[in-house]
Structures are given as C-alpha cells and as structure tokens.
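>>> What follows is a predicted protein model with its sequence.
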Amino acid sequence: MSMTEALLVVKDLKKYFPVRRGLGFGKPAWVRAVDGVSFTIREGETLGLVGESGCGKTTTGRCLLRLIEPTAGEVWFDGTDLLQLSKRKLRAQRRHMQIIFQDPYASLNPRMTVGEILEEPLRIHRVGTPSERRARVRELLAEVGLPMDALARYPHEFSGGQRQRIGIARALALRPKFIVADEPVSALDVSIQAQIVNLLQDLQQRHGLTYLFISHGLALVRHLATRVGVMYLGRLVEIAPTEMLYRHPLHPYTRALLQAVPEPDPDVRGQRVPLRGELPSPLHPPSGCRFHTRCPFVMTECREAEPELREVAPGHFVACFLV
Amino acid sequence: MITGPLLEVRDLRTYFFTDRGLVRAVDGVSFSIARGRTLGLVGESGCGKSVTALSLLRLVPPPGRLVGGEILFEGRNLCEMAEEEMRRLRGARLAMIFQDPMSALNPVLTVGFQIAEAVLAHERVSRREAFERAIEMMRAVAIPDPERRARSYPHELSGGLRQRALIAMALICRPALLIADEPTTALDVTIQAEILDLLARLREEFHLAMLLITHDLGVVAQTADEVAIMYAGRIVEYAPVREIFHNPQHPYTRGLLRCVPRLVASGEGPRRLEAIEGTVPNLLNLPPGCPFADRCSEVQPTCREGDVEMIEIAPAHLVRCVARGSPIRPAAARVVHSAVP
C-alpha cells in the first residue's frame, strides 16, 4: 500500500469548555466536549468521523486546526506538533490545512464578491503577483465547476450547492494537503449532495488531498471514507476501515446507530433494538463507559471502569468490555 | 356514513403574488388519503410540499393565496368553509406537527399547559380535566414521568421529548388526519428512529391518517403506504410505496433514488454517487412545460410545449412525463382567482 504514511497524528486530545452558572461567581463546571481522543490520518485517505449532535466531532475537527484551542493533547501534522507552535508559525502552517463548513452562506462574507473571497487567502499569505492571483482564482472556479461570470457576483446570488462550491474553492486556494470537511453537504438537497460529494472525491484524486470528513450521515460516510471513527460523548468508541465497520460493527453504540438509519427500501422495514433513555449531559458524563446508561448489554464493570480503545482485528479498534 | 377517502385534494393551486412576479408554489396538486393510511409527500426544498400542507389547513401566509381546487375532508370542501368553522376543525379533526419543535412551543408556558390548552380550545371540559388528559396523552407518547414533565418548560426537554410533546398536543383531540412536516429532520438518527416507531404505533392505536412531508427517502420507505413525488409545485409521480422504490417511472424519481447514499452498499470501497446535474428551477414566472426538462436525461422536444398531464401507467401508479406517454395540454392563459371566500 502506498498511503501508509501518517499525515496527522492526534494523541489524547481534550477540549473542556467552562460553563458558569448564575452570576458567574464560583467555580465553573466543565463540559468535556472532547475527552481524550487519539487517531491518525494517513496521507491521501479520508477519515470519516460520525456521531450524534454533541458527541464532539465538530470540536475535534476545529481543534485539529487550532480554530479552537485544545485543552490538552498533541496534534502532529507533517512532523510538527501544532499545539506547540507560536501564532505566527501556526499561521504559516495553516496554508496546508483548510476547512469547509456546513453552512456555506454563513461562512462567506456577504459584502465580498466571489472573486474577492477566493483571492483573500492568497493575499493574506502573499502568494504571487496580483495578476498571478487573478489567474489562480479563475483556475479555482474551473476546478469546482463554477462559471467565470461568478467572479463579480455576491454569495447571495448563488444556490446552496453553488455556495458550497465557492467554500470549497476558497479552501483549495492555497493548495492545502489536508482539509477538514465539517458536514459539508448536510444543509443541501439530496440531488445536490451527490454533486458536491463527487466533486470532493474528484479533487482528492487530482490533488492527493487528505480529508477528515465529519458527518452525522452514516450512509454518506460509507460512500467516501477509507476509515471511519465513531464518537460518543467526547470519546472515540470505535474506529476501523470502512467496510469492516459497516459489515462488522462491534461497539453496541455503533450497532444502534447503524440500525437506526432508515433504509430507502420499503422491503427492509427495520427491526431495531431501541436505545434506552436520553443522551446524558456532557457536564456530568456517566462513570465508567459513557454509553453504559443506554447500552442494552451493560455489565457491572461497565459502570466502574472506562474501557480503552483496543485493536481487536487488524486496524479495527473498539472501546468495549464485551469485545 | 362517509364513504370514500378521508381527504381528497383536487387540482389544488396556491400562488404567491410577489412584487417580482407570480410564484406557482402549488400548481394543480391532487391526491387522496384513506383512513389509517399514510401518504408520503416527497420533494426537495422549494418544491411546494410545505405550502401544500399549509394550504390544507388554510394557513397560507400572504402574499400567498389559495387560488383554485378543492380540499374535501370528511366529505366537506375546506375551501368553501367559513373561517370560524375552519378554526373549529384545526387542531381537532386535522392537526399538524412541524420540523422544529422548539419554535412550535411557547417557551414561557409549561408543556402540560400547552397540551391541555388544545383540549380547552375545542371541548367543554374543566381545566383540571384538561390537564389530566394532557398527562394521559404524554404517557401515550411515551414521555417518561409525565406528571413531572407536564410541569417542565420546553427548554428543559431534549429535542426528542419536545417532538413527543408536540405529537401529544396534535393528537389529544383525536384528529382523523395528522399532517407531519419533516417531523424528524431536526433530530439525531437514534431519536428519529424512536419517533418514527412512535408514529407507527399511534397510527394503529388511533386509526390515524397521516400526510408525511419529508425530503428523506429512507423515512418514506419505512413509513408511507403511498408516495407522491413533488417537483416545482407539481406531483410528478404518485404510486404505492413499493412501486415508487422498485418500479420508479419518472426520470426525477429515478434520479432521486440513485443519488441517495445507501448503508447496505454492494461491493468494496468508496463508490461514486450518481448526481442529478443542474439545480431546481426558480419558480418565479416559471415557463410552461415540464419544469424538470432542463435536468432530464430523457428530455424530448415536446416537453417544453405545454403542461404535461398525469397518466396511469399501471394500476394506481400515476406519472407525469412525456417520455412515458403523457399527453401535453397547450399552455393557455389560466384564470387566477381566489378560491377562498
């Protein structure tokens, strides 16, 4: 295999957010949004990160780029620990790592034309002469399938799918190696979703990009990820090569998630094992395994100790005492 | 004794008279729902599915107006009904639940009070009785510890519980028809599964007919008996659920089914999704002819010449497509008037 080299290594990443109650005096409580997450992303692959709202997948993605400052941990990118870099050095490093957001409208400045939006990263990083930059902007439009007359228009003049193309073009401007795609198609209609997903795959092939693809759409992730990690309440509970995860899910939470997806086929109306109870608050995560309050297979030790991620088959890691 | 379907919608037209021109948001929509059955109304954003729902309740906001058609519900035409009578019907015989339960609940009133309010609005009962019925209904929709939850405010409940509270509110007067507009879109997938199971159970228990509006083909496949596929204000295909999924006829339906990512995938490794190229047309001053023509792989020269009519291609399977043999009605100036007194 040619893509075995790790581009990104994340070790024991943590992000705690303080929450103050009442008038804000006294000790804050801490929301453990990400609580000890480790994984690697190899060059050229797509790691899918899935889980339900509040599981910490978005926070993880932002911590990797230090858009949110992590509380603890290490993020090794191309041989340097990003968390040790000064602001200035980090900014230089950010050329190589970009992000695409869920809501393309909220992430594009409504007062800038598409041409200005795409040129901005080039200007900030002082890339090329003005005429070279203009040429690059045109090249970017062509890459994402937007017409040249888009240059002088504003974001509101475009449909959701086209706006996401603008967001993608901006992310590509500095020729990054690594892109965090945070729910890039969740706000789009299904017929448009497929266009954007295919575009992301084409760009990956053409430029050898590496993706962290964050999504709550399990079926979608199956289509484009090389490996998939499943998060629950700030922890990674399972991570495995895509086919292995979808064919042989081992963690009870992964199984419940997969069973819950309604299949677009009336002949396979689901037999589901429903999860019990509500998602616990990340302010007071349950003791032991965080899933034990909803797990259909809970045992005594699950309440007492927290299971570590263990490799149970080549490349297949799971954090569960049952396995 | 009422025979025939519970709800029959014939040639419904709801237009928006905007400053920039005419938007035919719902343009000649017909369907029917029998007691205890679920019709899935499927389409992408802007196709007119939510406006269809609001039209049934006669709650279309201006500049929109019901300009034509009939809505026969329990044998009476809602379009001809006086507003006072319509108000008695809403929430009692036909009820609706929305995508975002938080915006449908009043944040300063307890959940129990809001559910009880629905009873008080339609029946002559004491407040105590209404509150007790609210708690009973909360139990029926599987809200744990309903006595305590009834005294909670909406923000104290999770998204899933809020949607259950909304369902309780909708069903407390035992309506015959529930209109559910994207009832699970805002919810996580495990919570969505619970709500869909709940709706299926309540449907049996209450012998409830349901109009389920969604963009999610998975939800439709798991829930609906019949399916209507909507595009740019028109129903383009209408058939029993198995027909839609196993024998789709309209190029748009086929395209939609192909671009849905599947969990049960065949083969190894990442695969490409098939996309429908192009975008949904702007409904403002839409030209005559099939609105899907610009994106269609089977487009023919006659597709744009006039309104394409619905044909029955197989028993109970209707499709509106020239390539399947639909005739074309030449575009004529249509009279626009208000159907509501």
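Done, it's in. Residues are numbered from 1 along each chain as shown, chains lettered A, B, ... in the order given.
>>> Low-confidence ranges, chain B, go.
Applying pLDDT under 70 to chain B picks out residues B:1-3, B:265-271, B:331-341.
>>> The closest residue to chain A within the stretch 1-150 of chain B: what's it in contact with?
For the stretch 1-150 of chain B and chain A, the shortest gap (CB to the nearest CB) falls at B:Glu44, measuring 3.9 Å. Heads up, the C-betas are built off the backbone N, CA and C, glycines and all. Residues near B:Glu44 by CB atoms under 8 Å, 6 or more residues apart in numbering or on different chains: A:Asp189, A:Val190, A:Ser191, B:His215, B:Tyr231, B:Val280.
>>> name the element it belongs to?
Per DSSP states H and E: B:Glu44 is located in neither a helix nor a strand.
>>> what do you get for A:Val197?
helix A:190-207.
>>> List of residues touching that helix?
Contacts of helix A:190-207 (CB under 8 Å, 6+ apart): A:44, A:46, A:143-145, A:159-161, A:164-165, A:168, A:172, A:175, A:181, A:184-185, A:188, A:209, A:211, A:220, A:223-224, B:44, B:215, B:217, B:255-256, B:259-261, B:270, B:272-277, B:279.
>>> all helices for the stretch 51-200 of chain B, in order.
B:83-89, B:101-104, B:111-122, B:127-140, B:146-149, B:159-171, B:189-206 (DSSP state H, counting those that start in this stretch).
>>> now these as CSV including distance to A:Asp81 and mean neighbour count?
Converted to CSV, the helices of the stretch 51-200 of chain B look like this (distance: least, CB to CB, whole Å; neighbours: other CB atoms under 10 Å in any protein chain shown):
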stretch, distance to A:Asp81, mean neighbour count
helix B:83-89, 66, 13
helix B:101-104, 41, 16
helix B:111-122, 49, 21
helix B:127-140, 52, 18
helix B:146-149, 48, 16
helix B:159-171, 38, 25
helix B:189-206, 35, 18
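>>> Residues of the stretch 1-150 of chain A that sit close to chain B?
Within the stretch 1-150 of chain A, the residues that sit near chain B (CB under 8 Å from any CB of the partner chain) are A:Thr46, A:Glu52, A:Ser53.
>>> go again using 6 Å as the cut-off
A:Glu52, A:Ser53 (CB under 6 Å from any CB of the partner chain).
>>> contacting residues for B:Ala192?
Small correction: residue B:192 is Gln, not Ala. Neighbour list for B:Gln192: B:Thr184 [criterion: CB atoms under 6 Å, 6 or more residues apart in numbering or on different chains].
>>> 7 Å - rerun?
A:Ala260, B:Thr184 (CB atoms under 7 Å, 6 or more residues apart in numbering or on different chains).
>>> Isn't A:His216 up against A:Glu52?
Yes - assessed by CB atoms under 7 Å, A:His216 is found in contact with A:Glu52 at 6.4 Å.
>>> list residues touching both of the two?
What both A:His216 and A:Glu52 touch, as defined by CB under 7 Å, 6+ apart, is the set B:Asp188, B:Val189.
>>> And the residue of the stretch 1-150 of chain B closest to chain A, how far from A:Gly145?
19 Å (CB to CB, to the nearest Å).
>>> before we move on, what about A:Leu85?
Separation of A:Leu85 from A:Gly145 (CB to CB): 35 Å.
>>> still on that earlier bit, buried ones among the contacts of helix A:190-207?
With burial judged by 16 or more other CB atoms under 10 Å in any protein chain shown, the buried subset of these is A:44, A:46, A:143-144, A:159-161, A:164-165, A:168, A:172, A:181, A:184-185, A:188, A:209, A:211, A:220, A:223-224, B:44, B:215, B:217, B:255-256, B:259-261, B:270, B:273-276, B:279.
>>> In strands, which of those residues fall?
A:Thr46, A:Ala181, A:Tyr211 (DSSP state E).
>>> For the stretch 1-150 of chain A, give me the ranges with low pLDDT.
For the stretch 1-150 of chain A, the stretches with pLDDT under 70 are A:1-4, A:22-24.
>>> By proximity to chain B, which residue of it wins?
A:Glu52 (3.9 Å).
>>> how about the residues of the stretch 151-300 of chain A near chain B?
By CB under 7 Å from any CB of the partner chain, the residues of the stretch 151-300 of chain A that approach chain B are A:159, A:161, A:189-191, A:194-195, A:197-198, A:201, A:216-220, A:222-225, A:243, A:256-258, A:260-266, A:269-270, A:272, A:274-275, A:278.
>>> Centre-most residue in the chain?
Reading this off chain A. With distances taken as CA atoms, centre = their mean, A:Ile214 lies nearest the centre of chain A, 2.9 Å away.
>>> look at chain B instead
Nearest to the geometric centre of chain B sits B:Ile213, at 3.1 Å (CA atoms, centre = their mean).
>>> I'd like the distance between it and B:Leu202.
B:Ile213 is 17 Å from B:Leu202, by CB to CB.
>>> Ok, A:Cys320 next?
Distance of A:Cys320 to B:Leu202, computed by CB to CB: 35 Å.
>>> list the contacts for B:Arg149?
B:Val111, B:Met138, B:Ile143.
>>> Make JSON lines from the residues you listed and add distance to B:Arg124 to it.
Converted to JSON lines, these look like this (distance: CB to CB, whole Å):
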{"residue": "B:Val111", "distance to B:Arg124": "23"}
{"residue": "B:Met138", "distance to B:Arg124": "22"}
{"residue": "B:Ile143", "distance to B:Arg124": "26"}
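>>> Could you double-check that B:Val67 lies in contact with B:Tyr15?
Yes - the pair B:Val67 / B:Tyr15 is scored as a contact, 5.0 Å apart, by CB under 7 Å.
>>> between these two, which one's more packed in?
Remark: of B:Val67 and B:Tyr15, B:Tyr15 carries more neighbours, 24 against 21, as counted by other CB atoms under 10 Å in any protein chain shown.
>>> tell me the contacts of that one?
Shown in contact with B:Tyr15 (CB under 7 Å, 6+ apart): B:Leu22, B:Val23, B:Arg24, B:Ala25, B:Gly64, B:Arg65, B:Val67, B:Val336.
>>> do the same with B:Val260
By CB under 7 Å, 6+ apart, B:Val260 lies in contact with A:Val190, A:Pro264, B:Leu217.
>>> Out of those, which comes closest to B:Ser326?
Proximity of the contacts of B:Val260 to B:Ser326, judged by CB to CB, is greatest for B:Leu217, which lies at 23.2 Å.
>>> so what's the nearest residue to the closest one once chain neighbours are set aside up against?
Distances taken as CB to CB, 6 or more residues apart in numbering or on different chains place A:Pro264 nearest to B:Leu217, at 4.2 Å, with adjacent residues excluded. Residues near A:Pro264 by CB under 7 Å, 6+ apart: B:Leu217, B:Gly218, B:Ala221, B:Phe245, B:Leu257, B:Val260.
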